[in-house]
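Engineer: Quick one, fold the following:
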Amino acid sequence: MTTPIIDESFVLNALRQVIDPELDCNIVDLGLIYDIQIDGGKVRVTMTLTTPGCPMHESIRWGVQNTLLKLEEIDEAEVDVVWDPPWNPAMMTAAGRERTGVVL
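Structural biologist: As a prediction, this is how the structure comes out:
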């Protein structure tokens with residue numbers, strides 16, 4: 001059996017399981033993931049949320065970390081939530097805009 005290579009695509013695919021419950025859309029299509037650093041089995045995700053006062057801040061951050069740690073290929077997962085640059089709807093994918101009804 002071949003072990004999947006941990007790359008950005010692998011991580012993003014896993015993170016599509018993390019849903020922002022207020023918008024009912026995954027965090028990847030919302031454009032919340034800013035950066036992914038991979039060093040062997042250690043992954044560091046830099047992300048944001050739609051608003052600094054997001055009541056789901058810790059829940060979403062924990063969801064990202066927990067989703068990654070459930071993958072046997074990942075030994076450590078660190079999640080940094082940043083506010084710069086500020087999120088805006090233009091960061092969403094076409095699928096995210098369609099899911100949420102956002103028109104640019």
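Engineer: Residue ranges in this structure under the pLDDT threshold?
Structural biologist: Scanning the chain for pLDDT under 70 picks out the ranges 1-4.
Engineer: all helices of the chain, in order?
Structural biologist: Taking DSSP state H as the criterion, the chain carries its helices at 8-15, 57-69, 94-100.
Engineer: Would you convert those into JSON lines that also reports mean neighbour count and distance to Asp80?
Structural biologist: The way it works is simple: take the backbone N, C-alpha and C, and place the C-beta from them, glycine included. Putting the helices of the chain into JSON lines (neighbours: other C-beta atoms under 10 Å; distance: least, C-beta to C-beta, whole Å) gives the following:
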{"stretch": "helix 8-15", "mean neighbour count": "16", "distance to Asp80": "14"}
{"stretch": "helix 57-69", "mean neighbour count": "17", "distance to Asp80": "9"}
{"stretch": "helix 94-100", "mean neighbour count": "15", "distance to Asp80": "21"}
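Engineer: In CSV: the ones you listed, plus distance to Ile38.
Structural biologist: As requested, these are exported to CSV (distance: least, C-beta to C-beta, whole Å):
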stretch, distance to Ile38
helix 8-15, 7
helix 57-69, 11
helix 94-100, 23
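Engineer: Val79 is nearest to which of these?
Structural biologist: Checking these against Val79 by C-beta to C-beta gives helix 57-69 as the closest, at 4.9 Å.
Engineer: what about Thr48, distance to Leu71?
Structural biologist: Noted for Thr48: a distance of 22 Å to Leu71, by C-beta to C-beta, to the nearest Å.
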